[in-house]
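Build me a structure from this.
(chains A and B)
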Amino acid sequence: MNRSIPHSTVPPGNTAVISQAQLQDEFGERIAARLDMGAKVLPHDVTARLLAIRLQAVGRRKPARVANVRARTASAVFGSGNTASMSMGGAGGPGFWRRIASGLPLVVLVAGLFTIHMVQNEDRLRELAEVDTDLLTDDLPPAAYTDPGFIEFLKNGLQQTERQDR
Amino acid sequence: MASEKELADFLQSVETRAFKRSVYHVRDQEAALDIVQDSMLRLSEHYGDRPPEELPMLFQRILSNCTLDWFRRQKTRNALFSNLSDFESAGDDGDFDLLEALVVQDGSQRSESAEDVTSRGEILHQIEIEIQALPTRQREAFLMRYWEEMDVAETAAAMGCSEGSVKTHCSRAVRALAAALKAKGIQL
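The predicted structure is shown next:
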């Protein structure tokens, strides 16, 4: 910033019309001009360090936003005419289809869990139905299983059968 | 988005004043260089993709924050915030006339002698001493407003205060500087 010491705009003998704010600004500008002169002569080690700092900062510059890169990639795909689906998305197409694709595994997982639940439910009902069918079609009435004597008979009978088998 | 060259040019344009401002604040050359380094790296790493016109305001804000961080690290927060002269009433300026600190130039060209050069260097030295002696907020407002040539609104945004506060800080800084320089027999 090159700036020379400003000449006074205050006309001699006509100071009453000058506002305090103007005087302040003029004084501030004169001080700033002096400071500018001082800033031009820095020690060599300071200027060298400032140069190194600047180069380091530029080297670590934040790269362009990823969204811009994606947009360029999508337009390239569109230009080559690879897919119809990309062209339907317009400017927001790639993002939309990517969101759809990212949600797909979740939908498949939920559908799979629901199918497994339904199959297991069917199996359990079928097993219960088979037990009920066996009980009802057997010669022994189902009420017999509620009789304690019959239960005891079954236990003893089973034990005797096992002993005989040995 | 600022290109690499635009960012480099911007940093080059502000580095000297940023360094000197930091020196006025912390009064330590090495610390001032560290502050400038932190500020430039933060700007570049976090805001390097911003448009060039946004860089000056961002940098001023970052530089102020880095300076504050340095003071916090040095545990001199009280010295930074509770300088009582910031709260002095505006009425203590007495009958000081700012006009007396300004010399009206007659417009005629004068050749500069070696004595003038020495005198100019001494005046600059005295000005820097008085700027360093200002309260922190007054110094910050004054340097942003007049040295960085920011307007009142921009200075207020960079300092995180109201425009009225900026005007008050600047007014007090100017009066303090004018009075101190006049006491030393220096006229601008």
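
surely B:Gln37 meets A:Ile53?
Yes. Counting by C-beta atoms under 8 Å, A:Ile53 is a contact partner of B:Gln37 at 4.6 Å. The C-beta positions use only the backbone N, C-alpha and C, and glycine is treated the same way.

And those two? Which one has more around it.
Between B:Gln37 and A:Ile53, A:Ile53 has the larger neighbour count (other C-beta atoms under 10 Å in any protein chain shown), namely 22 against 19.

For the more buried one, what are phi and psi?
Main-chain dihedrals, A:Ile53, degrees, to the nearest 10: phi -60, psi -40.

And residue 160, what's its pLDDT?
I went with chain A, as the question did not name one. Predicted confidence (pLDDT) for A:Gln160: 80.

wait, chain B
So B:Gly160 comes in at 86 (pLDDT).

How about the contacts made by it?
B:Arg61 (C-beta atoms under 8 Å, 6 or more residues apart in numbering or on different chains).

same question, B:Ala2
B:10, B:48-52, B:55.

State the pair within the residues you listed that is farthest apart.
Using C-beta to C-beta, the contacts of B:Ala2 span at most 13.5 Å, a distance reached by B:Phe10 and B:Asp49.

Pick out whichever of the two has more residues nearby.
In terms of neighbours (other C-beta under 10 Å), B:Phe10 is the more surrounded of B:Phe10 and B:Asp49; the figures are 19 against 15.

Packing partners of the longest helix along chain B?
Of all segments of type helix in chain B, defined using DSSP state H, the longest is helix B:4-26. Helices and strands touching helix B:4-26, by 3 or more C-beta pairs under 8 Å, 6 or more residues apart in numbering or on different chains; DSSP states H and E, are helix A:20-39, helix A:44-59, helix B:29-47, helix B:55-73, helix B:114-133, helix B:136-142.

tell me the angle that helix makes with helix B:55-73.
Counting by axes from the mean of the first three to the mean of the last three C-alpha atoms, to 10 degrees, helix B:4-26 lies at 40 degrees to helix B:55-73.

any idea how far helix B:4-26 is from the chain center?
12 Å (C-alpha atoms, centre = their mean, to the nearest Å).

do the same with stretch A:159-166
So, by C-alpha atoms, centre = their mean, the centroid of stretch A:159-166 is 69 Å from its chain's centroid.

pLDDT weak spots in chain B?
Along chain B, segments meeting pLDDT under 70 span B:75-117.

nope, chain A is what I meant
Using pLDDT under 70, chain A drops low at A:1-18, A:64-94.

Let me see the ranges of the helices in chain A.
Using DSSP H, helices in chain A cover A:20-39, A:44-59, A:66-80, A:84-89, A:93-137, A:148-165.

mind putting those in JSON lines, distance to chain B included?
Formatted as JSON lines, the helices of chain A follow (distance: least, C-beta to the nearest C-beta, whole Å):
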{"stretch": "helix A:20-39", "distance to chain B": "4"}
{"stretch": "helix A:44-59", "distance to chain B": "4"}
{"stretch": "helix A:66-80", "distance to chain B": "8"}
{"stretch": "helix A:84-89", "distance to chain B": "25"}
{"stretch": "helix A:93-137", "distance to chain B": "20"}
{"stretch": "helix A:148-165", "distance to chain B": "81"}
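
between these, which gets nearest to B:Leu68?
Nearest of the helices of chain A (C-beta to C-beta): helix A:44-59, 19.5 Å.

got a list of contacts for that closest one?
A:42, B:4, B:7-8, B:11-12, B:15-16, B:19, B:29, B:33, B:36-37, B:40-41, B:43-44.
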